[in-house]
Structure formats: C-alpha cells, structure tokens
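1. sharing a model that was predicted from the sequence below.
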Amino acid sequence: MIPSLQESPLYAMANPASIAFFGASNNYGAMGTNILQSVLSLGYAGRLYPVHPKEKRVMNLPAYGDVADLPEVPDLAFIVLPTDIVIPTIEACGRKGIRRAIIVSAGFNELGEKGRALQQELLAAARRHGLRFTGPNCIGVVNPHWKLNATFLPYEGRPGFIGIASQSGSFVTQMFNYLDRFGLGFSTGFSLGNEADIDLVDGLAYLGACPHTKVIALYVESIRRGRAFIETARAVAVRKPIVAFYVGGSEEGKRACFSHTGALAGSDRLYDGIFRQSGIIRAGSIEEMFDFCYALGAAKAMGGNRLLIQTHSGGPGAAAADAAGRAGLKLPKLAGETLEKLAPYVPRTGSSANPIDLTYTKNPLDYFYSIPDILLHDQETDALLVYFLASAGMVRRALEGLGVQKEEVALHAEKIIADQCKAVASLAEKHPKPLIGFSFLTRENPFIRGLQDLGVPVLAGPERAARALGAMAAYASLRKKLL
Amino acid sequence: MEFIQTALAQGRKSLSEYQSKQLLKAHGIPVTREILTNGVEKAVQAAVEIGYPVVLKACGAELMHKSESDALILNLKDAAEVRAAFDQIMGRRTDTGTEILVQEMIRGQRELVVGMNREPQFGPCVMLGLGGIMAEVLQDTVFRVAPFDHNEALDMLQELRSKAILGPFRGQAGVQPDELARILTAVGEIGLGYAAVQELDINPLIIDPKGRITAVDALVILKSI
C-alpha cells in the first residue's frame, strides 16, 4: 500500500504535466506517430515536446532536435524508438533531469539471451539517473480522467471506474471499444510489458490509491515479486475489489515441484491459492473479468450469498437460477412479510417462488419500481437480479394504441423510458444491496442504455450476470477474511 | 535442529523419517508415537512400550519410498510377529546403517497430504491435498504462500473440493478445523525457519474415526545453503 497517489512511481506517468515524445514523425505508418495521434485526439492538455533528429515540426507541433534543447524538464519521456538507440536516449533523458519514462520499444528480454543482457544494461542506465520506467515492450498508459491516452488505438469511450494493470503489451488499448459497448471505461490503465523496473505490484498499489478507480482488473502472466504482490493486494482488497485473469496456469505450463506429490502441484492450483490468499477474485476469461469488474464497480457491495431473481419470463429466470447455484449462490424463499406485500402484484399465472416470475405486468412501473422495491426490502436476501425485456418498440406501440399523435409518440416514448430508468436507478440508490440487471438487449436499446448510463449494471444474459453476482458474494467473503 | 546441520555436513539429501517427524513434532504437529531401534529385542521392547498393534519400518537417510522397497510391515499384533517382521525387513536390506522404526498403528480411512515447497517467486508454499490412492487422479490440492495466519489456513480447508471428508463422515467424527489449520501454519513456519529444508512432505496425514489427525509418514528434502 502507498499512503498517497503522488508517492507512486507511476503518478507522473498517468498524470504528466509535460511529455517528451521520442519516435513520432510525420509518417502516419509509424507506431510512434500513431501513439502521438492518440494523445492529441483525446485532447491532452499538458505540454508535448516531440524530439526528432530531422523534422522541425511533428504533427503540427514544434519539434526539438535534442532532448537537451527542451525549454523545461518534462515529467515524462515516452519512447518509441528502434532498440539500439533506446539506451542512449535514456541516458540523454537522465542528463536532462527527466525521472520517468515509458519505453514502448521492444527487443529486450522477450528475445532471450541477447535481449536479457540489453535489458540489464537499460536498467543500469536508468538507475544511474534515478529514472523509473515501465516497459520495455509495453504499449503505454491511459488515463481518460487526465485526457491522456498514450497508447496505439484511439480512446473511444468515456472516463470510467475500472483500473487495469496488464502484463500483455497491447491488451489494454484493445479493450477500449469492448468496454464502451457496456458504457464502461477505464479509470487508468498501465501496460507493463517486460517489467524491467516498474511492475504489477506498483500498478496495483497505484490503482489501489487512485480515487477514480472503483475496481481493479489485472491481466497476469507471471507474478515476479510474490510476497510484495500478496501483501499489497491484501491491503488494497479490503478497500476495493481486485479481479485477475491469469493465463500461465495450464497443467502443461510448469513442472510441479513437490517431492512425492509433485504430479499434483500444477501451478494453476498454486495461483488459485495465491489469488485467494491475496483477496483477489479470479476470472476465467477476459469477458468474465470485465463482467465482474462491471458489477463490482457499479453496484452496491453484496453482504452475503443469497439472491432473489425477478423475471417475467420462465426460461431466462431458470437459466439465471441454475447459473447462480453453480456460482455458489443460494436462492432463498421469500419471507412471509414480503409474500404479503407482493401478493397484489403477482398474477394467477405467475409465481412467488424464487425466481419470482411475474409473467406479464400490466403497469410497467410495477415491474420497474414497486416489485423490486418490495424484494429489496426482504430481510433474507443479499441481492436482486432483474430480467429486463422492455423494448422501446412496445412502448411506442402502446402509445399509438392509446391514440397519441404520431409525431408525439417518439417524444412521449423517450420520456416514459427515461422515467422507468430513473425509477430503477432510484431503487439501486436507495437500497444498501446490489441491484443487477440482465438482458439480451444491448445499448442500442434506449432502455438498456438509459439504465447503464444511470449506473445500473445490465449484463449480457442470465449466466454472465449470475456469475458476476457469484463474484460479488466471493468478494464479500474474501473481504471478511482479510478484515 | 542439530540433526539438520549434521545431515548437511554428511552431504545427505534428506532427513530420515524419524528425524523428519522430530522436526514436525518440535513444531507442534502430531506425529505417530515411535521408537528407533537397532536390534530385534529392542524392537519387541519398543512395541510393548507403544502398545500393539505396531508397524515396523526400515529407517535410513536414503530411504525415500518405503512401500516401493518392501521396507514397511503393518499391523503386527505380538512379539512373534515383530521378530518375524524385523528379520524380514533386515534380511532384505543390503545397505548398512539402516535402523528399524517401531511405530503405533494408526487406522483411518481418510488420508490427507500436506507439503511445503519453495517457489522461486514466492518462497515457501504450503500445500494441502486429498491423500490416498486416488490422490493423483482427483488432484484436489490447495496452496498458500508462507507466512499466512490461522484464518487463511482455515480458508484452505474451505477451498478443498473434497472438504466434506473433514466433517462427520460415515459415522466417523470430523476433524477439529483449528487443529488442521495449526498444522498448516506450522508447516509454513518450518519453511520460513529452515532455509536448508527444501521440501517437506507429510504423506499420509491420517484422520482416525475419532477425528484425530496424525502425521504417519514424513520426508524432508535438504538443500545445502
């Protein structure tokens, strides 16, 4: 744990007031140019100093022939240069007084023996100047709250609450569009690459202290500082959830080491234990990692493992119930008082068992407010999962049926949908338990978009939503263990 | 532990079963009552002291897999059986310096394994697994990195897929979770406390019908430091 964000070596990387940029030119094919374009297109508000041996201007910015000529000592050097000039550049940056660098250039440890020696040389050069760096062989950094996107692809989404530290080169930047499809975004993301200097533990500590980060995602290939990782994670996890996706654990991956029981000691199981000891929830896939982050970051914390499911269709409700059971959740019966309050809302064709299947509700606001309100009041439950089928088309059809003028239908429909979304969101706000939605509809549907934009997580389908609730219950018990 | 230094000085790669269990016992891990002997009459005397039935095992530094080298005879009920077993084990042995370990006979259908190994990036890691003949088929193991506290050790029990065998089981009593947790934290302490202990393997750790846990066999692999 770090006492404050400013004390992290990553602070100047995610919040630089000025950047010296090496490797951008006016050639649009170059990697460096692409990254500088990303920086410019998100509207970075700090000072940018392209350094280029020949060009006088780079991307319409005045360029400098030598880092020594810069009018100030920038907070950060961003380096996308050919391998053989990286070390001299680090030396020059050090002499200028620059103390942070992001080294995108590859050609180091990942190449084997020869690269390892070069990486040692790079590290030694940086240490001589007290310069800390991420990479080499990484993709950069993104902090949309600082309007900084120093990565390969343009940032398409909004500033969000998911912090990520990734050991995969370009994984972070590839997820921009994926998250945007749920109305989500990164708070801050670090690509760490070869971790010659700054590593996953530093990334975790930074995100743990970052006020924009509500939940932390880790893409893990190997944990280099084991003890420090566990201690840092345990300190962070009591305050915010951490979800990890680990890819190095197949049974074939590593040889087991226990003497008699050697065959049993698959490193996948070792990492299961390490994550659990660290208070970290392990996700089985990239989609699952972000599903878990979505629910954990957007909804209230879950206190236990009891879930109520509200649906107006049997199939999705049963699918959610089955997936919830597999995810370790319990579906309690409704308390007597809840049953009494609910009775007027449940048609004869419906069911008050859990899942609560309302089949058809005449007044939509019953489904969106009164019924979930009663269910969230139930003392025997820790969370509510609601199936959202509402289609904008149905609302428009109903309005037309009521004789509303054609030109006014769209306007009325928009208002009705907005009111329904607000009703749901007000429940999520009012109750201390999580309210999670699932649907087969996407953000193209104004109702789903409205809910998501008001902070109600709506996940893609019953199984994914139920597993995310399983992760929320797991976080509750991990946290209890750590406290 | 003096015998660790002695073993290292002699260039040995492991501790004997007897010494391995002395190390466990010193850290509060329940082990079989046992006496190391070097003659047939001493073995009979030891058996009387421990109480029948007993087990006889060859005990030597380089004897790592006893069942594979016919060095183990179970369930000896009287002096005549002890004498016969002694002759049988010693008769087969060609190595010098082998002694006989007379040990109480622990009965229990539930077997666990507990181990410690050093991972380069994490240091000593403790493993708890389901033991017995199906262990390698079921591969039910959980790990923690030392040091870890009692709560974390209790959580290891919860993580075991076959945790039901730790509770009341087919008319037999369940284990005391605290007792098993203490064994796990103690193994972690051994890993942290003795740099020369490269690996530790308790196999089996038997749960008897009353729910008591006993380390029945143990092996410490050494590494010169």
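-> Cool, got the structure. Residues are numbered from 1 along each chain as shown, chains lettered A, B, ... in the order given.
2. grab the longest helix from the chain for me.
-> Going with chain A. Secondary structure of chain A per DSSP state H: the longest helix is helix A:406-430.
3. that's the wrong chain, I meant chain B
-> Longest helix in chain B, counting by DSSP H: helix B:177-193.
4. and the helices in chain B, which stretches?
-> Taking DSSP H as the criterion, chain B carries its helices at B:2-9, B:17-26, B:40-50, B:79-92, B:135-138, B:150-159, B:177-193.
5. thinking again about what came up before, what helices and strands are in contact with the longest helix of chain B?
-> With contacts taken as 3 or more CB pairs under 8 Å, 6 or more residues apart in numbering or on different chains; DSSP states H and E, helix B:177-193 sits against helix B:17-26, strand B:110-119, strand B:123-130, helix B:150-159, strand B:197-207, strand B:213-215. Where you see a C-beta, it was placed from the backbone N, CA and C, and this is true even at glycine.
6. relative to strand B:123-130, how tilted is that helix?
-> In terms of direction (axes from the mean of the first three to the mean of the last three CA atoms, to 10 degrees), helix B:177-193 departs from strand B:123-130 by 150 degrees.
7. in helix B:177-193, which residues are buried?
-> For helix B:177-193, burial by neighbour count (16 or more other CB atoms under 10 Å in any protein chain shown) applies to B:177, B:180-191.
8. ditto for stretch B:2-14
-> Residues B:4, B:7, B:12, B:14 are the ones in stretch B:2-14 that count as buried (16+ other CB under 10 Å).
9. ok so, going back, contacts for the longest helix of chain B?
-> Outside helix B:177-193, the residues that touch it by CB atoms under 8 Å, 6 or more residues apart in numbering or on different chains are B:23-24, B:27-30, B:112, B:114-116, B:118, B:123-126, B:128, B:144, B:146-150, B:153-154, B:156-157, B:166, B:197, B:200, B:202, B:205, B:213, B:215.
10. next, name the residue at the spatial heart of chain A.
-> Central residue of chain A (CA atoms, centre = their mean): residue A:162, 3.3 Å from the mean position.
11. excluding chain neighbours, give the residue nearest to that residue in space.
-> Excluding the flanking residues, the one nearest residue A:162 by CB to CB, 6 or more residues apart in numbering or on different chains is residue A:293, at 4.8 Å.
12. residues contacting the one you found?
-> With contacts defined as CB under 8 Å, 6+ apart, residue A:293 is in contact with A:162, A:184, A:215-217, A:241, A:243.
13. please repeat the previous calculation with a cut-off of 10 Å.
-> Counting by CB atoms under 10 Å, 6 or more residues apart in numbering or on different chains, residue A:293 touches A:160-164, A:179, A:184, A:214-217, A:241-243, A:281, A:283, A:468, A:471.
14. angle of the helix or strand containing it against helix A:406-430?
-> Applying DSSP states H and E as the criterion places residue A:293 in helix A:286-298. Orientation of helix A:286-298 against helix A:406-430 (the same axes, to 10 degrees) gives an angle of 80 degrees.
15. helix or strand right after helix A:286-298?
-> Next in sequence after helix A:286-298, counting helices and strands by DSSP H and E, comes strand A:307-311.
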